[in-house]
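Peer 1: what's the 3D shape of this:
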Amino acid sequence: MKIPLSYSLRNLLTRRLTTTLTASGMALVVFVFASVLMLSEGLRKTLVETGSYDNVVVIRKGANSEVMSGVERLQASIIETQPEVAIGENGQRLIAKEIVVLVNLLKRGSNKPSLVQIRGIDKFSMILRPQVKLIQGRMPKSGSSEIIAGSSIDRRFKGGGLGEMLHFAMRDWTVVGVFEAGNTGFNSEIWGDADQLMQAFRRNAYSSVIFKLRNSSEFQRFKERIESEPRLTLEARRETRYYADQSEMMTKFLSILGLSLTIIFSGSSGKSVGNFLHFLYLLEHTGKDFKP
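Peer 2: Here you go, the predicted model:
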């Protein structure tokens, strides 16, 4: 004979601790997995939107990112002379030779250190990235220890606001401007003069060369010619493809991390969940007063 539903509910209330722990365990598993998936998708969207389809990123062969890359000055000069590079209104080639490094900065409020990407820019870096807009202050002067900070840096890091000062690479850097870059990764970067940053970090090579294509259809021809030249040891990607590759590596890592955490939490709460389901089964079919 089946027992009333009210009896089952009273038994659940009697075992409040077991019921709460079981439900909390299942909710935690779902929460962890869903959070990691949302973080992964948000990162992918942000990085993909960072690039422009008509821009080309040239880095060292085998380098997974600009931080790990090195493009010698002679190699950068060869890229600059290629016919596929677009010409601006002033007759100059729309190309930028940049350096990218990582530094630890302190967060506002907590004083906890966190990695921040520093980008040494050229005079055409802003033109190549129309999504980047200066919203406060001015651009840094060439040859000076002046920098501009992304809006995220301005909000989150000590010394990252307009008129403030940051210390890295054994030098003080003055923030003379703040820029906004929409939903892109540039918001979390600090930009300064490439030559000054190369001197400060004692680098003798650029991290990457970025340029705008004269004609978007010419990319494959440029890529094949550059990558087939053994003396250059460089590879070329569309900027959108470059940032998509960056997001793919990170999303894979986050997915594996989320799956691992889900399995761990599932395993730890699996016994409670099993006991909980067994308890409901016995109540429904036998009416016995079962204790998990």
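
Peer 1: I'd guess residue 78 is in a helix, am I close?
Peer 2: Yes - the assignment for residue 78 is a helix, going by DSSP: H, G, I helix; E, B strand; the rest coil.

Peer 1: that one and residue 232 touch, don't they?
Peer 2: Yes - using Cβ atoms under 8 Å, residue 78 and residue 232 qualify as a contacting pair, with a distance of 6.7 Å. Where you see a C-beta, it was placed from the backbone N, CA and C, and this is true even at glycine.

Peer 1: so who does residue 122 touch?
Peer 2: Applying Cβ atoms under 8 Å, 6 or more residues apart in numbering to residue 122 gives the contacts 95-98, 194.

Peer 1: mind doing that once more with 7 Å?
Peer 2: Going by Cβ atoms under 7 Å, 6 or more residues apart in numbering, residue 122 touches 96-98, 194.

Peer 1: bridged to the residue nearest to it when sequence neighbours are not counted, which residues?
Peer 2: Spatially, and ignoring its direct neighbours in sequence, residue 122 is nearest to residue 96 (3.8 Å; Cβ to Cβ, 6 or more residues apart in numbering). Residue 96 forms beta bridges with residue 210, as assigned by DSSP bridges.

Peer 1: just give me the neighbour total for residue 70.
Peer 2: Neighbourhood size, residue 70 [other Cβ atoms under 10 Å]: 17.

Peer 1: now the residue lying closest to it once chain neighbours are set aside: phi and psi?
Peer 2: Counting by Cβ to Cβ, 6+ apart, the nearest residue to residue 70 once its immediate chain neighbours are dropped is residue 205, at 4.2 Å. Dihedral pair for residue 205: phi -140, psi 150, per degrees, to the nearest 10.

Peer 1: residue 205 contacts residue 72, correct?
Peer 2: Yes - counting by Cβ atoms under 7 Å, residue 205 does reach residue 72; the two are 5.0 Å apart.

Peer 1: that older thread, contacts only, for the residue nearest to residue 122.
Peer 2: By Cβ under 7 Å, 6+ apart, the neighbours of residue 96 are 121-122, 124-125, 128, 210.

Peer 1: likewise for residue 89?
Peer 2: With Cβ under 7 Å, 6+ apart as the criterion, no residue contacts residue 89.

Peer 1: would you list the phi and psi of it?
Peer 2: The phi/psi pair for residue 89 (degrees, to the nearest 10) reads phi -60, psi -30.

Peer 1: what of residue 74?
Peer 2: phi -60, psi -40.

Peer 1: kindly report the same for the one 10 residues further on.
Peer 2: With angles defined as degrees, to the nearest 10, residue 84 sits at phi -80, psi -10.

Peer 1: residues contacting it?
Peer 2: Residues near residue 84 by Cβ under 7 Å, 6+ apart: 213-214, 218, 222.

Peer 1: for this structure, give me the ranges with low pLDDT.
Peer 2: 1-26, 28-50, 247-292 (pLDDT under 70).
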